[in-house]
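J.: Just need the structure, nothing else, for what follows:
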Amino acid sequence: MAKSMCGVLVLMVKLAVKEMMQISVIGNNNSGFSLIELLVVLVIMGVSFAMVTLSIHVADPSTLEGDAKRLVATINQAHDLEDLSGSPIWMTINCEQWRFFDTSSGTQQPMNKEEVAGGEFKSQLKSITINETEMGCTQEGSLKLVINDDPSPTKLILTTDKQSLIIASDSLDRFSIQ
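T.: Next up is the predicted model:
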């Protein structure tokens, strides 16, 4: 019994000495970071990331760029519809709005919003140009663009007092902002 008591005492002394020994700079034998420290760092990183992403400028839909993005999306949607139906779709555009017309029945029928929606410009346009044909916004009427499988490039320029944006088609007749 005395031997086992002595063994336990020696073991306790070894553990006590081991606990008192400095293994790291901070004075204990724990290495690495605690869970709390890691969570604090993750929270700081998350808050920083949220602040950076929220400060990124989102395009105002009332700007010329917002108008151009909406116009490109609807023209490409009309082109997809033309691919499905096989008949050309006409788009009329003036300084206030753009509209699409179905020609499958042989006459121009305005398309409803379920097929492809037209739109209104939020910015104040000064002029619109389609393939070298310019229309100033003081003029009455509208320009016409035929959306079909014609591979010839189409260039549409929207101009305000401050800037101009070019919308052009590629060889597949897909439109994008240049």
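
J.: how many neighbours does the closest residue to Asn148 other than its chain neighbours have?
T.: Take Asn148 and drop its neighbours on the chain: the residue closest to it by CB to CB, 6 or more residues apart in numbering is Pro88, 4.0 Å away. Every C-beta, even on glycine, is put in place using the N, C-alpha and C of the backbone. The number of residues packed near Pro88 is 16, by other CB atoms under 10 Å.

J.: Next up, phi/psi of Pro88, please.
T.: phi -60, psi 150 (degrees, to the nearest 10).

J.: And Leu145, by the same measure?
T.: phi -130, psi 130.

J.: Can you check which helix is longest in the chain?
T.: Scanning the chain for the helix with the most residues, using DSSP state H, yields helix 64-85.

J.: ok, then the element right after that one?
T.: strand 89-93 (DSSP states H and E).

J.: Show me how the protein divides into domains.
T.: For the chain, automatic domain parsing gives the domain ranges 2-54, 64-177.

J.: Low-confidence ranges, the chain, go.
T.: The chain contains residues with pLDDT under 70 at 1-31, 55-62.

J.: what about the nearest residue to Thr154 once chain neighbours are set aside, distance to Met111?
T.: Leaving aside its sequence neighbours, Thr154 sits nearest to Ser169 (CB to CB, 6+ apart; 4.4 Å). Computed as CB to CB, to the nearest Å, the Ser169 to Met111 distance reads 20 Å.

J.: okay, those two: which has more neighbours?
T.: More neighbours surround Ser169 than the other of Ser169 and Met111, with 22 against 19 (other CB under 10 Å).

J.: how far away is the more buried one from Asn131?
T.: 10 Å.

J.: list the residues that contact both of the two?
T.: Residues touching both Ser169 and Asn131 (CB atoms under 8 Å, 6 or more residues apart in numbering): 154-155.

J.: Show the contacting residues for the closest residue to Met91 other than its chain neighbours.
T.: Leaving aside its sequence neighbours, Met91 sits nearest to Leu145 (CB to CB, 6+ apart; 4.5 Å). By CB under 8 Å, 6+ apart, the residues touching Leu145 are 75, 90-93, 130, 154, 156.

J.: Pretty sure Asp161 sits against Leu125.
T.: No. When contacts are counted by CB atoms under 8 Å, Asp161 is not listed as touching Leu125 (9.4 Å).

J.: Same drill for those two, tell me which one is more crowded.
T.: Neighbour count, other CB under 10 Å: between Asp161 and Leu125, Leu125 has more, with 19 against 8.

J.: Would you mind listing the residues in contact with that one?
T.: Leu125 neighbours (CB under 8 Å, 6+ apart): 64, 95, 137, 158-160.
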